[in-house]
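Q: mind looking at a prediction? Sequence and model below.
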Amino acid sequence: MATITASMVAELRAKTDAPMMECKKALTEAEGNMEKAEELLRIKLGNKAGKASSRITAEGVVAAYVENGVGAMVEINCETDFVSKNDSFLTFANAAAKLVAERDPADVAALGALPYEQDSFGPTLEDVRKGLIGKIGENMSFRRFKRFAGNGKLASYLHGTRIGVMVEFEGDDTAAKDVAMHVAAMKPVAIASSDVPAELIEKERAVAAGKAEEDRKAAEAAGKQPQPADIVAKRIEGGVQKYLKEVSLHNQAFVKNDKQTVEQMLKAANTTIKSFTLYVVGEGIEKKVDDFAAEVAAQVAAAKAAAA
């Protein structure tokens, strides 16, 4: 059996806002697997366990560049929010985005090898990165980038420096810009329901099925008749369909006018979205946080539970 430490409980609680003992039970059932424990909490607690799951702790910036139908978006990470506001760091990130668009590097190593300025004999982007580390005293790294060219017109939107969106489209510039802003706010995972990745659909179906099983057990414990299997199946499928509408761009209510969907807005503007890319700083990165108070609280709670 996996050892469940107080720090693991505290980390899961920070992600989900679920009660401490529920986090410990979920981790125990999941044998220490953090992702599985989050899924178990969603099954047991519903949306209450998911409201904090989108919190991002890693720092850095997203930078974008568009010129003559070619664009790029990059994410560069650092250790603290303070450095992400440093003018030299921001200039460095913007230069990286421009280099991606102009030079089309194959990967982050190739990006770092590009000359920082037009003079090919000058310092490379990697040289500048190392220089900034020495000057500022904090590590920083190229995380990811994407180049856009040849798939229609481009519209970009940056929400501060933490969220970036690039949209490839045909049609009205204003409508496309509005879609980029919408994506930053609502974070869809696909343009249409049919484009949502199968693994996400199956994960949502598993959560819905798990919740239905919890409801069945609760009904039996209360001496009530559980719902028939066909009704349960319809509930599960209804939950999946609701999820698909919530995460597909076309089906989402448009942020500037919730009386119409994004698809309806685009149709009225005679505009087609070919693709979109969303970067959120630190998304998917786990950042170690030493919280002594939370760890002590978790240890006390665990001790009380053991003594009960």
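A: Looks like it arrived, so ask away.
Q: helix/strand/coil for Asn94?
A: Three-state call for Asn94 (DSSP: H, G, I helix; E, B strand; the rest coil): helix.
Q: mind checking pLDDT for it?
A: We have a pLDDT of 96 for Asn94.
Q: and for the one 5 residues further on?
A: The model reports Leu99 with a pLDDT of 96.
Q: Three-state assignment for it, please.
A: Criterion first, three-state DSSP; result for Leu99: helix.
Q: okay, strands next: where are they in this structure?
A: 59-67, 70-78, 140-149, 153-159, 163-170, 253-254, 257-261, 272-280 (DSSP state E).
Q: low pLDDT regions in the protein?
A: Scanning the chain with the threshold set as pLDDT under 70 gives 1, 14, 17, 46-57, 118-121, 284-308.
Q: and the longest helix along it, what does it pack against?
A: Identified as the longest helix of the chain according to DSSP state H is helix 198-221. Helices and strands touching helix 198-221, by 3 or more Cβ pairs under 8 Å, 6 or more residues apart in numbering; DSSP states H and E, are helix 34-45, helix 229-247. The C-beta positions use only the backbone N, C-alpha and C, and glycine is treated the same way.
Q: which elements pack onto the last one?
A: Read that as helix 229-247. Helix 229-247 packs on helix 198-221, going by 3+ Cβ pairs under 8 Å, 6+ apart.
Q: can you pull the contacts of the residue lying closest to Ala155 once chain neighbours are set aside?
A: Counting by Cβ to Cβ, 6 or more residues apart in numbering, Ala155 lies nearest to Ala176, which is 3.8 Å off, once chain neighbours are set aside. Contacts here follow Cβ atoms under 8 Å, 6 or more residues apart in numbering; on that basis Ala176 touches 153, 155, 167, 169, 271, 273.
Q: so what's the last one closest to, chain neighbours aside?
A: On the basis of Cβ to Cβ, 6+ apart, the spatially nearest residue to Ile273 that is not a chain neighbour turns out to be Phe169, at 5.2 Å.
Q: and the one you found, what does it touch?
A: Phe169 touches 152-155, 175-176, 179, 271-274, counting by Cβ under 8 Å, 6+ apart.
Q: circling back: now the strands of the chain as TSV including distance to Lys211?
A: Below are those laid out as TSV (distance: least, Cβ to Cβ, whole Å):
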stretch	distance to Lys211
strand 59-67	35
strand 70-78	34
strand 140-149	34
strand 153-159	33
strand 163-170	30
strand 253-254	25
strand 257-261	27
strand 272-280	27
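Q: thinking again about what came up before, kindly calculate the angle that the longest helix of the chain makes with helix 34-45.
A: Comparing the axes of helix 198-221 and helix 34-45 via axes from the mean of the first three to the mean of the last three Cα atoms, to 10 degrees yields an angle of 40 degrees.
Q: list the buried ones in helix 198-221?
A: 204, 207-212 (16 or more other Cβ atoms under 10 Å).
Q: could you export those as TSV, including distance to Leu90?
A: What follows is the buried residues of helix 198-221, written out as TSV (distance: Cβ to Cβ, whole Å):
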residue	distance to Leu90
Glu204	38
Val207	40
Ala208	43
Ala209	46
Gly210	44
Lys211	44
Ala212	49
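Q: quickly check those residues for the two that are furthest apart.
A: Glu204 and Ala212 (12.7 Å; Cβ to Cβ).
Q: any common contacting residues for those two?
A: With Cβ under 8 Å, 6+ apart, Glu204 and Ala212 have no common neighbours.
Q: now do the domain split for the protein, please.
A: The chain breaks down into these domains under automatic domain parsing: 1-57+287-308, 59-149.
Q: can I get those domains in CSV including mean neighbour count?
A: Formatted as CSV, the domains of the chain follow (neighbours: other Cβ atoms under 10 Å):
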stretch, mean neighbour count
domain 1-57+287-308, 16
domain 59-149, 17
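Q: which one of these lies nearest to Glu263?
A: Taking Cβ to Cβ, domain 59-149 is the member of those nearest to Glu263, at 22.4 Å.
Q: tell me how far the closest one lies from the chain's centre.
A: Domain 59-149 sits 21 Å away from the centroid of its parent chain (Cα atoms, centre = their mean, to the nearest Å).
Q: out of the helices and strands packed on helix 198-221, flag the one nearest Met20.
A: helix 34-45 (11.9 Å).
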